[in-house]
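K.L.:
Sequence below, structure please.
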Amino acid sequence: MSRILPTIVGAQFCCTSLWFAGNAVAPDMAARLHQGPGFVTSLTSAVQLGFIAGTLAFALLAVADRFSPSRVFALSAALAALCNLGLVLPGLPVAGLLACRVLTGFFLAGIYPVGMKIAADYYEAGLGRSLGWLVGALVLGTAFPHLLKSVGGQLPWQAVAWATSGLALLGGAALLLLVPDGPYRRAGTRPAFTAFLAGFRQPAFRAAAFGYFGHMWELYTFWAFVPLVLAAFNARHAGAALPVPLLSFGIIGGGSLACVSAGMLAQRLGPARVATGALALSGICCLASVLVLGTGSGAVLGAFLGFWGLVVVADSPMLSTLVARHAPADTRGAALTIVNCLGFALTIVSVQLTGWLGPQLPQHLLLLPLAVGPALGLWALWRGRQVVVA
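P.N.:
Predicted coordinates for the structure are as follows:
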């Protein structure tokens, strides 16, 4: 039993490194394919679109409830790793590349929410702490391609794709071999075409889900635009040489520590209070970005984005804990997956809207629209505070 959580966490880290593999090498691919600066938003949205389609399919078919979650995770990891190698296929046109990113996202639907389902099947007590580690692994995995790009030195950019695909295969195999089905798993027997509705009829589940949706409006757009904000600073200030890939890794990856810390803090305060506090702080950062993004100090910008990177994701495992805790037990996998589906659908709207507004807004206003998410998330949690905390 002692190996279960470390194995799930390690597998989650390895497999979610596929998520931003394209973003880390976006400038190289944009130059090769003669694409403009908006190419990074297309890459991000392609993965998100695939993830949405995948989570919808997995939820409607109740895949994680009907079949062994460990086998689902391992097979999804292998297929996602294969699709990720579309990044390095010679002669692949833009449409083909984006299709490969969509498919990578589709199979990531069998990794991230299924990993949470596996954790919930093992840890009914202390689920918040467990999901803190799990989401922390997701955050670190998401940031990892930026580190690979930074430390790769003279290695070709294609090495990022090969390395992340290899990690995903390793993570899937480890989970399959070392993590059997959990003792609290309750297997489903048929497709759950309306399973997600059962959860949304419950006020506590509904409040947690809408809190999660507000959080997701902000999270992936912040992650996607961190490298662009840093690169824009370098472009505006002659002689500035901020190490964009390395700083991007630190800002995004630092959130993994916040997730783990939030999970430990939730053992004392409860996940609802921790989620509310983190969501409030990230909302304040959205508003404060108006003052900071136009700064002439690289140190101030880096410190601000670093703090924002901590609080923007600290609420994620807590909100997922609340969703899992209040989901119907026999359709927990479908409920977690459909909430992920709807949350990631919002990320496409947010990423595309921010990309569209970017050329039309002054730089210091770029991330202000993200404040809408925390505001609505806090409103949902406040309205359901009595049933969510219980």
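K.L.:
roughly how far out does the longest helix along the chain sit from the chain middle?
P.N.:
Using DSSP state H to define each element, the chain has its longest helix at helix 203-236. Centre-to-centre, helix 203-236 and its host chain are 9 Å apart (Cα atoms, centre = their mean, to the nearest Å).
K.L.:
C-terminal to that helix, what's the next element?
P.N.:
Downstream of helix 203-236, the first helix or strand assigned by DSSP states H and E is helix 244-253.
K.L.:
Now do that following helix and helix 203-236, the angle between them.
P.N.:
160 degrees (axes from the mean of the first three to the mean of the last three Cα atoms, to 10 degrees).
K.L.:
and helix 244-253, average pLDDT?
P.N.:
Helix 244-253 comes out with an average pLDDT of 90.
K.L.:
so what secondary structure elements neighbour the helix or strand residue 8 falls within?
P.N.:
For residue 8, the host element (DSSP H and E) is helix 4-16. Contacts defined by 3 or more Cβ pairs under 8 Å, 6 or more residues apart in numbering; DSSP states H and E place helix 4-16 against helix 69-84, helix 112-122, helix 127-151, helix 158-178. (Each C-beta comes from the backbone N, C-alpha and C, glycine too.)
K.L.:
winner for burial among those?
P.N.:
helix 112-122 (a mean of 27; mean count of other Cβ atoms under 10 Å).
K.L.:
And that one, how far out from the chain middle?
P.N.:
On Cα atoms, centre = their mean, the centre of helix 112-122 falls 15 Å from that of its chain.
K.L.:
do the same with stretch 339-348
P.N.:
10 Å.
K.L.:
Could you do stretch 338-355 as well?
P.N.:
That offset, for stretch 338-355, works out to 11 Å (Cα atoms, centre = their mean).
K.L.:
and if you look at stretch 283-303?
P.N.:
23 Å.
K.L.:
Let's have the helices and strands packed on helix 4-16 in CSV, adding mean pLDDT.
P.N.:
Shown next, in CSV, are the helices and strands packed on helix 4-16 (pLDDT from 0 to 100):
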stretch, mean pLDDT
helix 69-84, 94
helix 112-122, 83
helix 127-151, 82
helix 158-178, 92
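K.L.:
Out of those, which is closest to residue 208?
P.N.:
Judged by Cβ to Cβ, the one of the helices and strands packed on helix 4-16 that comes nearest to residue 208 is helix 127-151, at 12.2 Å.
K.L.:
can you state the direction angle for the longest helix of the chain and helix 127-151?
P.N.:
Note on geometry: by the same axes, to 10 degrees, helix 203-236 and helix 127-151 are set 20 degrees apart in direction.
K.L.:
start at 421 instead
P.N.:
Got it, the first residue is 421 from now on, which makes the last one we talked about helix 623-656.
K.L.:
Give the buried residues for helix 623-656.
P.N.:
624-650, 652-653 (16 or more other Cβ atoms under 10 Å).
K.L.:
Now do the helix or strand that contains residue 475: which elements does it pack against?
P.N.:
Assigned by DSSP H and E, residue 475 belongs to helix 459-480. Contact partners of helix 459-480 among helices and strands, from 3+ Cβ pairs under 8 Å, 6+ apart: helix 441-444, helix 446-453, helix 514-528, helix 532-542, helix 623-656, helix 752-777.
K.L.:
now with 6 Å?
P.N.:
helix 441-444, helix 446-453, helix 514-528, helix 752-777 (3 or more Cβ pairs under 6 Å, 6 or more residues apart in numbering; DSSP states H and E).
K.L.:
Dump those into TSV; add distance to residue 547 as well.
P.N.:
As requested, those are exported to TSV (distance: least, Cβ to Cβ, whole Å):
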stretch	distance to residue 547
helix 441-444	29
helix 446-453	36
helix 514-528	22
helix 752-777	11
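K.L.:
export the ones you listed to TSV and tack on mean neighbour count, mean pLDDT and distance to residue 432?
P.N.:
Putting the helices and strands packed on helix 459-480 into TSV (neighbours: other Cβ atoms under 10 Å; pLDDT from 0 to 100; distance: least, Cβ to Cβ, whole Å) gives the following:
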stretch	mean neighbour count	mean pLDDT	distance to residue 432
helix 441-444	28	81	15
helix 446-453	17	80	24
helix 514-528	21	92	11
helix 752-777	23	84	14
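K.L.:
and of the ones you listed, who's closest to residue 601?
P.N.:
Judging the helices and strands packed on helix 459-480 by Cβ to Cβ, what sits closest to residue 601 is helix 752-777, at 11.7 Å.
K.L.:
Taking helix 532-542 as reference, get the angle to that closest one.
P.N.:
Using the same axes, to 10 degrees: helix 752-777 against helix 532-542 is 150 degrees.
K.L.:
need the next SSE after helix 752-777, C-terminal direction.
P.N.:
Remark: after helix 752-777, the chain's next helix or strand is helix 792-803, criterion DSSP H and E.
K.L.:
between that following helix and helix 752-777, how big is the angle?
P.N.:
Going by the same axes, to 10 degrees, helix 792-803 makes 140 degrees with helix 752-777.
K.L.:
Now do helix 792-803: distance to the chain's middle.
P.N.:
19 Å.
K.L.:
swap in stretch 781-788?
P.N.:
With Cα atoms, centre = their mean, you get 23 Å for stretch 781-788.
K.L.:
and for that stretch, what are the contacting residues?
P.N.:
709-710, 713-714, 778 (Cβ atoms under 6 Å, 6 or more residues apart in numbering).
K.L.:
quick revisit: quick one: buried residues of the helix holding residue 475?
P.N.:
Neighbour counts over helix 459-480 (16+ other Cβ under 10 Å) mark 459-476, 478-480 as buried.
K.L.:
rewinding a little: so which of the helices and strands packed on helix 424-436 is nearest residue 730?
P.N.:
With Cβ to Cβ as the yardstick, what comes closest out of the helices and strands packed on helix 424-436 is helix 547-571 (10.1 Å).
K.L.:
which helices and strands sit right next to the closest one?
P.N.:
Other elements packing on helix 547-571 under the criterion 3+ Cβ pairs under 6 Å, 6+ apart are helix 424-436, helix 441-444, helix 532-542, helix 578-598, helix 664-673, helix 675-689, helix 736-746.
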